[in-house]
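K.L.:
here is a sequence with its predicted model. Questions after.
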Amino acid sequence: MAKKENYEEMLTKLQDILNNLESDELNLEDSMKSYEEGVKLVNKIYKTLNSYEGKISIIKQEKEVEFSESDGDK
């Protein structure tokens, strides 16, 4: 079973892909493969960030409810 990459690992991998593409050392076919891999990675990063954003929203809403309920106790 493949290990799920974390956000930082994905960013590092994307930076490596960008560095390779900018180096002009790849032929056209390898450049296209790297570009495709980079696009897939960007999509995974975007999904990860959306997931984190959703979790933060839920936590924030829970804390707002706790604060407003405790304010009524005064």
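P.N.:
Done, it's in. If you're wondering where the values come from, they're calculated on a predicted model, not measured in any experiment.

K.L.:
where's Glu8, which helix or strand?
P.N.:
Taking DSSP states H and E as the criterion, Glu8 maps to helix 7-22.

K.L.:
from the chain's centre, how far out does whichever helix or strand comes after that helix sit?
P.N.:
Sequence order places helix 28-71 as the next helix or strand after helix 7-22, per DSSP H and E. Distance, stretch centre to chain centre, for helix 28-71: 5 Å (CA atoms, centre = their mean, to the nearest Å).

K.L.:
so which elements touch helix 28-71?
P.N.:
Using 3 or more CB pairs under 8 Å, 6 or more residues apart in numbering; DSSP states H and E, the elements in contact with helix 28-71 are helix 7-22. All C-beta atoms are positioned from the backbone trio N, CA, C, and that covers glycine.

K.L.:
next, the buried residues of the helix it packs on.
P.N.:
Using 16 or more other CB atoms under 10 Å as the test for burial, helix 7-22 gives Met10, Lys13, Leu14, Ile17, Asn20.

K.L.:
and it, average pLDDT?
P.N.:
Here helix 7-22 scores 95 as its mean pLDDT.

K.L.:
against Lys47, how distant is Gly54?
P.N.:
Separation of Gly54 from Lys47 (CB to CB, to the nearest Å): 11 Å.

K.L.:
what sits closest to the spatially most central residue of the chain if chain neighbours are left out?
P.N.:
For the chain, the residue nearest the mean C-alpha position is Ile45 (2.7 Å; CA atoms, centre = their mean). Excluding the flanking residues, the one nearest Ile45 by CB to CB, 6 or more residues apart in numbering is Met10, at 5.2 Å.
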